[in-house]
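Student: show me how the following folds:
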Amino acid sequence: MKIIGFSFLFSAVLAFADQGSSESVAVGCADGAKIESIDLDGLKYTKPHVVWRELSHKVGGVFSQGTFEAEKLRLQDLDLFTDIYVSCKTFGDSLSSLVSRPSSITLTYHVKEIFRWIPSPAGKKTDRDGLMLGLALANLNVLGEDIRAEVQFRTAVDPFFENNEYAFYASSPYLFDLPLGWNFEFLRTDSWDDLRGFQDATW
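Tutor: Got it, this is the predicted structure:
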């Protein structure tokens, strides 16, 4: 059976995410500055541990622009944020600058979250059902845990609502904070198979 499918959801999401700055930005941060504390700013829906597990900088260590660039790439790969940058607040005494001693800083990661709910058209074409059109609705960050879930409904164009298909998809790059990606797909078909002459009502 020949199947041609299409969905605009993730291409639209990725295009929107790419509108953020393509350059790594570190405001007021100097290489070698000692990190006294690390803060996260801008999280409304995403759980903090989703960001923490992608970071390499640690309290007690030193700031590195190269390390941040690698962190930013990992955070961008989550497809949860449209903008990511860091800023540093320096504190200490004037003696540090006089003896060229690295400053102590509070390192803050600033992120701007993407939309969680994304509606889109969905469809496919098969030899049996012909052109099928419908709608999809996705949540890109279920429970703030970087879990993507999408529901779809498609129906045959000719005739409408005679052949229907329902789908549910879920995936995540982590399983209980372990870097083990997983993917779940559920499909319900309710249509008449003209090629083999029977009602296809399968789960």
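Student: low-scoring stretches of the chain, by residue?
Tutor: Where the chain drops to pLDDT under 70, the residues are 1-24, 92-102, 194-195.
Student: rerun that using 80 as the cut-off
Tutor: For the chain, the stretches flagged by pLDDT under 80 are 1-26, 91-103, 126-130, 158-161, 191-201.
Student: find the residue at the geometric middle of it.
Tutor: For the chain, the residue nearest the mean C-alpha position is residue 79 (2.8 Å; Cα atoms, centre = their mean).
Student: three-state assignment of it?
Tutor: Put simply, residue 79 is coil when judged by DSSP: H, G, I helix; E, B strand; the rest coil.
Student: swap in the one 4 residues further on?
Tutor: Assigned by three-state DSSP, the conformation of residue 83 is strand.
Student: could you pull out the helices for this structure?
Tutor: Ranges of helices in the chain, per DSSP state H, are 9-17, 48-52, 65-77, 94-98.
Student: follow-up on the earlier one: surely the residue nearest to the centre of the chain and residue 114 touch.
Tutor: Yes - with contact defined as Cβ atoms under 8 Å, residue 79 counts as touching residue 114 (7.2 Å). All C-beta spots, glycine's among them, are computed from the backbone N, C-alpha and C.
Student: before we move on, back to that, distance check, the residue nearest to the centre of the chain against residue 142.
Tutor: Distance of residue 79 to residue 142, given as Cβ to Cβ, to the nearest Å: 13 Å.
Student: before we move on, what about residue 66?
Tutor: Distance from residue 66 to residue 142, by Cβ to Cβ: 33 Å.
Student: now residue 35
Tutor: Separation of residue 35 from residue 142 (Cβ to Cβ): 32 Å.
Student: cool, and residue 72?
Tutor: From residue 72 over to residue 142 the distance is 24 Å, taken as Cβ to Cβ.
Student: more neighbours, the two?
Tutor: Ranked by neighbour count (other Cβ atoms under 10 Å), residue 72 and residue 142 place residue 72 first, with 23 against 15.
Student: excluding sequence neighbours, find me the nearest residue to residue 181.
Tutor: residue 173 (4.7 Å; Cβ to Cβ, 6 or more residues apart in numbering).
Student: grab the nearest non-local neighbour of residue 142.
Tutor: For residue 142, the closest residue by Cβ to Cβ, 6+ apart turns out to be residue 149, at 5.1 Å.
Student: for this protein, which segments count as strands?
Tutor: Using DSSP state E, the strands of the chain run over residues 3-7, 26-27, 34-41, 81-91, 104-113, 117-126, 130-139, 148-156, 164-172, 182-193, 198-202.
Student: got the angle between the third one and strand 81-91?
Tutor: Looking back up the chat, that one is strand 34-41. Between strand 34-41 and strand 81-91, the angle comes out at 140 degrees (axes from the mean of the first three to the mean of the last three Cα atoms, to 10 degrees).
Student: which strands or helices does strand 34-41 pack on?
Tutor: On a contact count with 3 or more Cβ pairs under 8 Å, 6 or more residues apart in numbering; DSSP states H and E, strand 34-41 meets helix 48-52, strand 104-113.
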